[in-house]
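[1] Build me a structure from this.
(one chain, ligands or ions: 1)
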Amino acid sequence: MSVLTTVKEILRASTQSANRGSVTDETSKGAYWCDDCGERIRDIEVEGEEAPECPSCGDEMRFERSATSTGCAC
Ligand SMILES: [Zn+2]
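    I've put the predicted structure just below:
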């Protein structure tokens with residue numbers, strides 16, 4: 001096993017644990033936003049994994065991960 005592989009494994013593990021800690025309901029990882037309209041659609045309300053279109057302007061919405069209550073761990 002190379003050092004690079006080991007680092008990737010660590011990063012993946014830490015990312016997964018962070019996700020698990022921030023999940024508070026269902027499997028929501030965040031929400032889709034339209035910056036122009038302020039529209040918001042939770043990811044669990046969207047079927048599939050593609051970004052939905054904004055119901056107001058039709059632009060593709062931007063996915064934003066839900067912030068953890070604890071904020072940055074730095
Ligand atoms: Zn919009």
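[2] Do you have the helices of the protein handy? List them.
    Remark: helices assigned in the chain by DSSP state H are 3-22.
[3] is the residue nearest to the spatial centre of the chain in a bridge, and if so with what?
    The centre of the chain sits closest to Arg65, judged by C-alpha atoms, centre = their mean, with a distance of 3.1 Å. For Arg65, the beta-bridge partners under DSSP bridges are Gly30.
[4] List the contacts of the nearest residue to Asp35 once chain neighbours are set aside.
    Closest residue in space to Asp35, ignoring its immediate chain neighbours: Arg62 at 6.6 Å, by C-beta to C-beta, 6 or more residues apart in numbering. The way it works is simple: take the backbone N, C-alpha and C, and place the C-beta from them, glycine included. With contact set as C-beta atoms under 8 Å, 6 or more residues apart in numbering, Arg62 has these partners: Tyr32, Trp33, Cys34, Asp35, Ala51.
[5] what's the residue nearest to the first one when sequence neighbours are not counted sitting at in phi/psi?
    Spelled out, it's Tyr32. Nearest residue to Tyr32, sequence neighbours excluded (C-beta to C-beta, 6+ apart): Met61, at 3.8 Å. Per-residue torsions, Met61: phi -90, psi 160 (degrees, to the nearest 10).
[6] for Met61, what are its contacts?
    By C-beta under 8 Å, 6+ apart, the contact set of Met61 is Tyr32, Trp33, Cys34, Glu39, Ile41, Ala51, Pro52, Glu53, Cys54.
[7] if we can go back for a sec, gap between the residue nearest to the centre of the chain and Val7?
    Going from Arg65 to Val7 by C-beta to C-beta, to the nearest Å gives 22 Å.
[8] cool, Pro52 as well?
    According to C-beta to C-beta, Pro52 and Val7 sit 35 Å apart.
[9] Over to Gly30?
    The value you get for Gly30 to Val7, if C-beta to C-beta is used, is 26 Å.
[10] higher neighbour count, the two?
    Gly30 (14 against 10; other C-beta atoms under 10 Å).
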